[in-house]
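> My questions are about this predicted structure, shown below with the sequence.
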Amino acid sequence: MTESAGGNVQREDLHRLYELQRHIYTIASQIESLQREKRIKEITLEQLRSFSDQPRVYQSIGRLFVLEDYHGLMEKLQKEMETLDEQIITKQHLKSQFEAKWESTRGAQ
């Protein structure tokens with residue numbers, strides 16, 4: 001292999017490592033965001049459950065507050081939390097795949 005071809009291969013490997021690392025950081029950021037959103041929903045559910053009776057609840061839609069059914073809102077929040085759990089698991093799996101690719105590419109150098 002010529003010297004310039006070897007340099008191109010090494011440059012391609014470095015570029016691949018950079019791209020993989022960028023994907024890993026992006027996915028990690030997405031996971032943190034999903035976890036924050038899930039925590040907000042958990043706190044909201046805890047607050048709603050702390051009331052002894054069924055309070056009037058309003059949901060904000062843009063600048064508007066709309067009267068929401070208490071049980072409907074609780075179910076909706078629960079489903080959203082389940083969806084967030086699934087998304088977090090999927091993102092964590094994807095992140096581990098990228099980390100494995102990163103390690104294998106790094107080890108090949």
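Happy to help now that I have it. Everything numeric in this text was worked out from a predicted model, so none of it was measured.
> so which strand or helix has the most centrally placed residue in the chain?
A centroid search over the chain (CA atoms, centre = their mean) returns I31, at 2.8 Å, as the residue closest to the centre. Assigned by DSSP states H and E, I31 belongs to helix 3-49.
> tell me how far that helix is from the chain's mean position?
9 Å (CA atoms, centre = their mean, to the nearest Å).
> What is the burial count for the closest residue to V57 other than its chain neighbours?
Distances taken as CB to CB, 6 or more residues apart in numbering put E68 closest to V57, at 5.0 Å, once the chain neighbours are dropped. The C-beta positions use only the backbone N, C-alpha and C, and glycine is treated the same way. If you count neighbours by other CB atoms under 10 Å, E68 ends up with 16.
> what does K91 give?
Neighbours of K91 (other CB under 10 Å): 20.
> likewise Q87?
Applying other CB under 10 Å, we find 15 residues neighbouring Q87.
> ok so, going back, quick one: residues contacting the spatially closest residue to the residue nearest to the centre of the chain that is not a sequence neighbour.
Spatial nearest neighbour of I31, excluding adjacent residues (CB to CB, 6+ apart): K91 at 4.8 Å. Applying CB atoms under 8 Å, 6 or more residues apart in numbering, we find K91 in contact with 27, 30-31, 34.
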